[in-house]
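# Have a look; sequence and predicted model below, questions after that.
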Amino acid sequence: MATEEAVDDVVPARKWTAPLRWRAGGRAVAMSVGYVGLYLALDRLSFIGALHGIGITPWNPTAGLAMALLIIKGPGYASLVLAAELLSGATLPIVSLSAVPIFSGSLVVTAGYTGAAVILRHAGFQASFRRSSDVVRLLIVTIVGSGLVASGFVASYAAAGVVSWSDFADAGLHFWIGDAIGIVVFLPSLLLLYERIKQKAQPVRGTASFQLGEAALQGASVFVALAAVFSGMGGNNPLGLFYLLFPPLIWIATRHGLPAASWAVLAIQLGLIAELEIHGHTEITLRAFQLFMLALAATGLMLGAVVSERRRLSLALVDSEGLRRAILNTVPDGVLTVDERGEIHSINPAVETLFSRPSHRLIGHDVAELIEDAPDLLSRLKLAVHSPTEARCWELDARRADGTTFPIELSAGRFDLLGAERYAVVMRDITFRREAEARDRQHQAELAHVSRVSLAGEMAAGLAHELSQPLTAIIAYARGCRRLLAGPVPEPALLHEGIDEVVQQAERAGDVLGRLREFVRGGEFRRALTEIKPVIDAAVGLVRSEAIQQEVEIEATIDPGLPVVLADPVQIEQVLLNLLRNAMDAMEAANSKRRAIIVEARRNSKHSIDISVADAGPGVTAEVTDTIFEPFVTTKSFGMGMGLSISRAIIESHGGNLRMVRGARSGATFVFDLPTAEAEASSDAG
């Protein structure tokens, strides 16, 4: 059943594809028949002044038709060109010819113009003539190609005895003029017509009466020029008035570009041929007219191509300028251009809004007037745009017309205008960004404060134990002093020693409470020059009693001579406490036999130091390795999953990075780095 259904599915597909193939094949046959019919008709109509009774005439539009087919459809249609040329060679000549010269001549024509079409296609020639260089390519390839084809064609007929070798040069020149004129006059019109049909272009609508009137005047001028040229043929110089054909063609080309110029050239050619046939002509006169016609056609096409190209570029420039203005008028960032002296040349509306100044109070002024305390702004611009390693974006303070300042982000680029160096400067108001960053820092500080309070609550038992020791000692020493005072003989030395112990233990309890109070304090992010050793000692001291209760050994190894860092010591202490308590909780949960934590601080490079916390616990499972620093991810049954996330945010706010590394030791190792104060200072200076 499945096979039958598959066959049923295939059969309808064949029923649908068969008509499509038939239609495509029918179109190809119709095009081939139409091409051959048009080729033979044009060949017959242009068979005037034939030299030696064969297809050597001064006007051969079939060469243009063949080139059009090969350019549009490609060299694969060379066989169709050969078939049409063979039929023409067999039916057109008025003398009896054998098959050999017909075949060889047709082969030369087909091979020559196929090669010319291939060269044009590979040389970047566009059938739409979008560039004036396309006309230049066409003229060069046509003149050279038709000359080679003419030589080969005449040679093949001379070898067959149809044309004598003494007439080779004359026949070749005759053939070359006819084919060159046929291509230059007929091919552009065909290609432009094809492009117009392919693009389904609509005629440009304007004032219809004006267009019709202008077209009528231009057509009349061509007719009058042709009439004047042939009215002067009776004199000694039949070509004396040929120059009258140039003004109407130039008028048409300059007004309407290449499409109109190509049709005007074709109309003039047809008019010349018709007039020559009506009034009669000699072979020399016809050849001279065609040579002048070749120059006229090349001039008209070249001028029309230049006009069309300039018009297209002008429209593109207008569109580009409109798009540029629309973008500049729409973007909220201020964009201005300045010269090498810092003088402002142009601005967009956003600049006026940013600085609360109209354009006439900005253009022509120094750009440094807009920036607060930046007299070297121009030199910084020049250095930035000429040095690939220099930053091209800065945060500065700008000044409005009323004297108030606001933060901006400034970036610059260089461009040349008429040989002069200019700079494009983009200014963005970052007031809201600065406020958002401040709110984010405040939010981070609040989260860190909550985290510290939570940590203090978790450490309450250990802190209570640490406080109980000095309090117990104070009570014991105080009672001893009271007994000494109640005795029969006071002992001042023992009383003095007991009171000293009371004071010492009270100070110890005060230190514990002071460290706790400082740790859980709120407030803003406050950085200061900080030595890392006291911070590590303070963090270890806060968890020391809890570590003793859990039988955890904490070893701190700190390299001597570590540079100071620019940091908030309380926040760094919070990160260390998070890492230390995580390590102790992991070893407690796993009931590890060996419980040890190693805290190390060492210089990583010239500009940073590394602090690591390594434990002897079970380590971090692979399931949470990639997400361990994300919020609400935890390995504890009672944890909230915020400690490491907050710790990473704290370290990143200090310009460092908190990460987990895998080493030779068992357990987990967390490392964070802090830039040294020297690195921070050099970064701020840059």
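Arrived safely, thanks for sending. Everything numeric here is computed off the predicted structure, so don't read it as measured data. Residues are numbered from 1 along each chain as shown.
# List the buried residues of stretch 400-417.
Within stretch 400-417, the residues that count as buried by 16 or more other C-beta atoms under 10 Å are 407, 408, 410, 411, 412. C-beta here means a position set from N, CA and C on the backbone, and glycine is covered the same way.
# Redo these as a markdown table? Include pLDDT, distance to residue 131 and secondary structure.
Conversion of those to a markdown table gives the following (pLDDT from 0 to 100; distance: C-beta to C-beta, whole Å; DSSP: H, G, I helix; E, B strand; the rest coil):
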| residue | pLDDT | distance to residue 131 | secondary structure |
| --- | --- | --- | --- |
| 407 | 88 | 49 | strand |
| 408 | 85 | 44 | strand |
| 410 | 82 | 41 | strand |
| 411 | 82 | 36 | strand |
| 412 | 80 | 35 | strand |
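# Can you tell me which of those residues is nearest residue 614?
For the buried residues of stretch 400-417, the closest approach to residue 614 (C-beta to C-beta) belongs to residue 407, at 42.8 Å.
# Run through the strands of the stretch 551-686 of the chain in chain order.
Taking DSSP state E, counting those that start in this stretch as the criterion, the stretch 551-686 of the chain contains strands spanning 553-558, 565-567, 596-605, 608-615, 658-661, 669-675.
# Identify, out of those, the most deeply packed stretch.
Most buried of these by mean neighbour count (mean count of other C-beta atoms under 10 Å) is strand 565-567; its value is a mean of 25.
# Residue 560 and residue 548, how far apart?
Plainly put, residue 560 is 27 Å away from residue 548 if you go by C-beta to C-beta, to the nearest Å.
# who's more crowded, these two?
More neighbours sit around residue 548 than around the other of residue 560 and residue 548, counting by other C-beta atoms under 10 Å; the figures are 14 against 5.
# Might you report the residue contacts of that one?
Contacts of residue 548 were listed using C-beta atoms under 8 Å, 6 or more residues apart in numbering, and none were found.
# okay, it: pLDDT?
Per-residue confidence at residue 548 stands at 81 (pLDDT).
# which helix in the chain runs the most residues?
Scanning the chain for the longest helix, with DSSP state H as the assignment, gives helix 283-330.
# same for that helix, what does it pack against?
Judged by 3 or more C-beta pairs under 8 Å, 6 or more residues apart in numbering; DSSP states H and E, helix 283-330 is in contact with helix 132-159, helix 168-199, helix 246-279.
# what inclination does that helix have with respect to helix 246-279?
With axes from the mean of the first three to the mean of the last three C-alpha atoms, to 10 degrees as the basis, helix 283-330 and helix 246-279 are set at 150 degrees to each other.
# Which other helices and strands does the helix or strand just after helix 283-330 contact?
Under the assignment DSSP states H and E, the closest C-terminal helix or strand after helix 283-330 is strand 334-339. With contacts defined as 3+ C-beta pairs under 8 Å, 6+ apart, strand 334-339 has these neighbours: strand 344-347, helix 349-355, strand 420-429.
# so where do the helices sit in the stretch 351-500 of the chain?
Per DSSP state H, counting those that start in this stretch, the stretch 351-500 of the chain carries helices over the ranges 377-386, 431-458, 460-486, 492-519.
# Compute the inter-axis angle for the first one and strand 420-429.
It refers to helix 377-386. Using the same axes, to 10 degrees: helix 377-386 against strand 420-429 is 100 degrees.
# Could you export helix 377-386 as CSV, CA atoms only?
Extracted as CSV, the C-alpha positions of helix 377-386 are listed here (Å, rounded to 0.1, in the frame of the first residue of the first chain):
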residue,chain,number,x,y,z
LEU,A,377,40.7,68.6,23.4
LEU,A,378,41.9,69.2,19.8
SER,A,379,45.3,67.6,20.4
ARG,A,380,43.5,64.6,21.9
LEU,A,381,41.3,64.4,18.9
LYS,A,382,44.3,64.5,16.5
LEU,A,383,46.2,61.9,18.6
ALA,A,384,43.2,59.6,18.8
VAL,A,385,42.4,59.6,15.0
HIS,A,386,46.0,59.2,13.9
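# picking up where we left off before, let me know which of the helices and strands packed on helix 283-330 is the nearest to residue 331.
Closest to residue 331 of the helices and strands packed on helix 283-330, according to C-beta to C-beta: helix 168-199, at 34.3 Å.
# and the closest residue to residue 128 other than its chain neighbours, how many neighbours?
In space, and not counting its chain neighbours, residue 128 is closest to residue 195: 4.6 Å by C-beta to C-beta, 6 or more residues apart in numbering. Applying other C-beta under 10 Å, we find 17 other residues in the vicinity of residue 195.
# Wait, residue 195 touches residue 72, no?
No - counting by C-beta atoms under 8 Å, no contact exists between residue 195 and residue 72, whose distance comes to 9.4 Å.
# Identify the contacts common to the two.
residue 127.
# Could you measure from the residue nearest to residue 279 when sequence neighbours are not counted over to residue 244?
Take residue 279 and drop its neighbours on the chain: the residue closest to it by C-beta to C-beta, 6+ apart is residue 230, 5.9 Å away. With the distance defined as C-beta to C-beta, residue 230 ends up 11 Å from residue 244.
# ditto for residue 38
Residue 38 sits 33 Å away from residue 244, taking C-beta to C-beta as the criterion.
# Same question for residue 481.
Here the distance between residue 481 and residue 244 works out to 136 Å (C-beta to C-beta).
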